[in-house]
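got a predicted structure here, sequence first:
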Number of protein chains: 2
Amino acid sequence: MSAQSRLTDLSADELAAFRAEQQTAYDTLAGSGLKLDLTRGKPSAAQLDLSNGLLDLPKGVHDASGTDTRNYGGLQGISELRQIFAELLWVEPAQLVAGGNSSLTMMKDTLVDLMLFGGVDSPGPWSAQEKVRFICPVPGYDRHHTLLDSLGIEMLAVPMNDDGPDVDAVAALVKDDPTVNGMWIVPTYANPAGAVCSQEVAAALVAMPTAAPDFKILWDNAYALHHLTADEVKSADILSLASAAGHPHRPILFASTSKITFAGAGVAFLAASTEQVAWYLKHLGEGAIGPDKVNQLRHAQFFGDADGVRAHMARHREIIAPKFAEVQRILTDRLGGTGVATWTDPKGGYFVSLDVVPGTAARVVQLAKDAGIALTPAGASFPYGVDPQDTNIRLAPTFPALPEVTAAMEAVATCVLLAAAEKLSS
Amino acid sequence: MSAQSRLTDLSADELAAFRAEQQTAYDTLAGSGLKLDLTRGKPSAAQLDLSNGLLDLPKGVHDASGTDTRNYGGLQGISELRQIFAELLWVEPAQLVAGGNSSLTMMKDTLVDLMLFGGVDSPGPWSAQEKVRFICPVPGYDRHHTLLDSLGIEMLAVPMNDDGPDVDAVAALVKDDPTVNGMWIVPTYANPAGAVCSQEVAAALVAMPTAAPDFKILWDNAYALHHLTADEVKSADILSLASAAGHPHRPILFASTSKITFAGAGVAFLAASTEQVAWYLKHLGEGAIGPDKVNQLRHAQFFGDADGVRAHMARHREIIAPKFAEVQRILTDRLGGTGVATWTDPKGGYFVSLDVVPGTAARVVQLAKDAGIALTPAGASFPYGVDPQDTNIRLAPTFPALPEVTAAMEAVATCVLLAAAEKLSS
């Protein structure tokens, strides 16, 4: 019997036979001592090797302005690196801050500052409100949710469509409720579904009326340059759109080189309106003297210019595109036509989002775990870690080597089919 | 007339002559186009050069545990670097966190966490209290004060004695007032006076009864290894003392390599009780995936072991001790016996604390500025930037080259004498 039959079309006997077949396949799998990991969006060693030139840099210690990068100071980051990434992120260098090794930390700092002090357009600190709420397009990035939850910010889920967050759902939430203070967006090749926020959606989000006068869009452009095909999408120019719409302080953009150079030793960026950059730097300066400018100089010399970054990303693509293709091949071969799964085919980013039979995602992850394949916990992409449909699984194929991706995905397919057969026969 | 006469012993005519003499000297100074800076405790280029070996490191990218330092993770920092600094700071490696490039940021994160979440022994978040107060030994470190002020924490000054904070003054403040939640100490070669907190004072501070059940001592051991003489003091082992006194969670220790390797590209450390380290890492992990482990590996390889750090600090001493000696020589030559100034002769650290005629510190700084010598603003070492006596000036001689230290200090002496003569004749 082929796995390509729709499982729901099977008779009870056929389903029982199918389930037994999958159980046998799974038992073989579980006995084969696999130890594979598809959990996190981490670059592989081969990708990291692309940036080993950094290890011999910088040559010289002074930046273009003559500043000794080894010493204190320079809170906004060195200008030559900001110029390169300003071009790539379509912002002005003056609107861009180059920071430490983590854009997540810049997001946390931003949220903490909003909570403790309020923003440039806030009536007061968010923490003085009885409640603070944030809109989270789902599925989304688990660390965004953890961060909000840690700060006591309530999360409101809206659907993430193929062209970005569901604008109508967002607009309805923000219209009358001043405690809805902001939203997340991963605009380019979103984590985990790969969607790209269209110009139209971006324009609508910066223009929509909000009851909160200081509504913030945290625009986490983590995958702005992380194309998997020659069809390289360009992110919406959110700062210009917001400015044109009369809400210049609404968006705050984040990016980093974590998945460009070294995941743990890159440079993170924040961009916003001039006033908002000044606000961010003021609070940053209350607890910091300056970023690691030596590492910034190292990066500026390594890339040379924006084209250097683009060429570097093409080398990443050569390494990871085959892994994504392998995921597609196996999902199609094994699950295509079965009617028990759908999945994304992203044109960039780090993830494939797999939807299995509702009510079986946790079971699939458990089956995989018992067979030695670590998957991101079911529900991880949803606020509070709860997927109301128990249907979504995030697959991250970049870190394992290609043969491991093959083995892991074959195993995942078996787990999906077994869980589906179990569910349908129950 | 010699400057060695006590100015208060002079007759009115003698004082007028003395003042005229100083005014002439000052006018010459002001006309000589100086541009010198004694403001901040920054290492000089020659000191930074001592660590240029870092620029060719690391060799290899895996730490001792086999972890690829280039990738994400490892929130507590790599173990080989923690081992080196655990030995130097007299703590257990498990109690030590190696972070990013700024201990000030670790202090801010700690205070923000205490405000938003409360500590391991707190009844609730500090921000839920009507008021939060902090004890600041004065003169102290301006950035400590700025940080507290930014968070709305009220500052209470106590005297900084030669053996550390005035224990009786501290004990009186903390005894009955549960809103006094903590205090700063720079225990070794304190900024700016150079005092060293004695074992007895440290023991008293960790043992004293406090109305706040979660009283914190933020023990900023920024200069633990920064000796200027062969008489190398050893900081009190604050974590063990606190544990023995039954208050294991009271102290949180901070340190960094900012004034050991590169001021802007070093590694910062935090040490505390095991539970408190877990608490810190939990909140850190809500907004960070890991520190720059490549830079940590770079440092571990550069030093090799704790003795490597000690040998490195001896090379710093060779560069900066002559600058401190020059400050002493000029202050003694020019101000000794005049009765208008006293100053510290620190055995380590980065500063000399100069007390001038009360009511003239701001005038001295202004005179110096007008003559092209930048001094730290008068009052900078006091909470809210206000020195109630207007008497203290912080001198930072490490950054300028030796001839500049000479020129700047000669100018400072002239300014002190002129301001004193003005004051005494008014």
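Looks like it arrived, so ask away. Numbers count the residues shown, from 1 in each chain, chains lettered A, B, ... in the order given.

any idea how far residue A:408 is from the residue in the stretch 301-426 of chain A positioned nearest to chain B?
Across the stretch 301-426 of chain A, no residue is closer to chain B than residue A:399, which sits at 8.4 Å (CB to the nearest CB). All C-beta spots, glycine's among them, are computed from the backbone N, C-alpha and C. Residue A:399 sits 10 Å away from residue A:408, taking CB to CB, to the nearest Å as the criterion.

kindly report the same for residue A:359.
Separation of residue A:359 from residue A:408 (CB to CB): 23 Å.

and the residue nearest the centre of chain A?
With distances taken as CA atoms, centre = their mean, chain A has residue A:191 as the residue nearest its mean C-alpha position (3.6 Å).

show the contacting residues for the residue lying closest to that one once chain neighbours are set aside.
Using CB to CB, 6 or more residues apart in numbering or on different chains and skipping residues adjacent in sequence, the residue nearest residue A:191 is residue A:141, 4.4 Å away. Residue A:141 makes contact with A:184, A:186, A:191-192, A:220, A:381 under the criterion CB atoms under 8 Å, 6 or more residues apart in numbering or on different chains.

contacting residues for the residue of the stretch 301-426 of chain A closest to chain B?
A:37-38, A:40-44.

if you set the cut-off to 7 Å instead, what comes out?
Counting by CB atoms under 7 Å, 6 or more residues apart in numbering or on different chains, residue A:399 makes contact with A:37, A:40, A:42, A:44.

elements contacting the helix or strand of chain A with the lowest mean pLDDT?
The helix or strand of chain A with the poorest confidence is strand A:36-37; it has a mean of 92 (mean pLDDT, DSSP states H and E). Helices and strands touching strand A:36-37, as assessed by 3 or more CB pairs under 7 Å, 6 or more residues apart in numbering or on different chains; DSSP states H and E, comprise helix A:402-425.

same thing but 10 Å
For strand A:36-37, the contact count by 3 or more CB pairs under 10 Å, 6 or more residues apart in numbering or on different chains; DSSP states H and E identifies strand A:373-374, helix A:402-425 as packing neighbours.

what lines up beside that strand in the sheet?
Strand A:36-37 has its sheet partners listed here by DSSP bridges as strand A:373-374 (parallel).

and the partner strand, how far out from the chain middle?
20 Å (CA atoms, centre = their mean, to the nearest Å).

now do the buried residues in the next helix or strand after it.
Stepping forward along the backbone from strand A:373-374, the first helix or strand reached (DSSP states H and E) is strand A:392-395. Burial within strand A:392-395, assessed by neighbour count using 16 or more other CB atoms under 10 Å in any protein chain shown, is assigned to A:392-395.

just the helices in the stretch 151-300 of chain A please.
Secondary structure of the stretch 151-300 of chain A (DSSP state H, counting those that start in this stretch): helices at A:167-176, A:199-207, A:238-244, A:274-285, A:293-303.

please identify the most buried of these.
Mean neighbours per residue, mean count of other CB atoms under 10 Å in any protein chain shown, is largest over the helices of the stretch 151-300 of chain A for helix A:293-303, with a mean of 26.

before we move on, back to that, three-state assignment of the residue of the stretch 301-426 of chain A closest to chain B?
Taking DSSP: H, G, I helix; E, B strand; the rest coil as the rule, one finds residue A:399 in the coil state.

up against chain B, what does the stretch 201-350 of chain A have?
A:258-259, A:261-267, A:282-298 (CB under 10 Å from any CB of the partner chain).

how about the stretch 151-300 of chain A: which residue is closest to chain B?
Counting by CB to the nearest CB, the stretch 151-300 of chain A gets nearest chain B through residue A:287, at 2.8 Å.

burial of that residue, as a residue count?
Counted by other CB atoms under 10 Å in any protein chain shown, the residues lying close to residue A:287 total 22.

what of residue A:337?
13.

with residue A:20 instead?
So residue A:20, with other CB under 10 Å, has 11 neighbours.

what's the answer for residue A:131, then?
Applying the criterion other CB under 10 Å, we find 13 residues in the vicinity of residue A:131.

quick one: contacts for it?
Contact analysis of residue A:131 by CB atoms under 10 Å, 6 or more residues apart in numbering or on different chains lists A:152-154, A:177-181.

out of those residues, which are buried?
A:153, A:178, A:180-181.

widest-spaced pair of those?
Using CB to CB, the buried ones among the contacts of residue A:131 reach their maximum pairwise distance at A:153 and A:178, which is 14.3 Å.

what are the buried residues along stretch A:247-255?
For stretch A:247-255, a neighbour-count test (16+ other CB under 10 Å) marks A:247-255 as buried.

next, the closest residue to residue A:298 other than its chain neighbours: phi, psi?
Nearest residue to residue A:298 in three dimensions, chain neighbours excluded: residue A:57, at 4.3 Å (CB to CB, 6+ apart). When quoted as degrees, to the nearest 10, the phi and psi of residue A:57 stand at phi -120, psi 160.

could you report the pLDDT at residue A:41?
Predicted confidence (pLDDT) for residue A:41: 89.

please disregard the earlier target; I meant residue A:393.
pLDDT at residue A:393 comes out at 97.

returning to that earlier point: neighbour count for residue A:359 and residue A:408, which is higher?
It is residue A:408, of residue A:359 and residue A:408, that has more neighbours when counted by other CB under 10 Å, with 26 against 14.

for the more buried one, what are its contacts?
For residue A:408, the contact set (CB under 10 Å, 6+ apart) comprises A:34, A:36-38, A:326-327, A:330, A:368, A:371-375, A:395, A:397, A:400.

how about 6 Å then?
A:36, A:38, A:373 (CB atoms under 6 Å, 6 or more residues apart in numbering or on different chains).

just give the nearest non-adjacent residue to it, would you?
Of all residues not flanking residue A:408 in the chain, residue A:36 sits nearest, at 4.1 Å (CB to CB, 6+ apart).

distance of the one you found from residue A:319?
When CB to CB is the yardstick, residue A:36 and residue A:319 sit 18 Å from each other.

ditto for residue A:156
For residue A:156, the distance to residue A:319 equals 38 Å [CB to CB].

which parts of the stretch 101-250 of chain A are strands?
Applying DSSP state E, counting those that start in this stretch to the stretch 101-250 of chain A gives strands spanning A:133-138, A:154-161, A:164-165, A:180-185, A:216-220.

the nearest residue to residue A:216 once chain neighbours are set aside: neighbour count?
On the basis of CB to CB, 6+ apart, the spatially nearest residue to residue A:216 that is not a chain neighbour turns out to be residue A:182, at 3.8 Å. Applying other CB under 10 Å, we find 25 residues neighbouring residue A:182.
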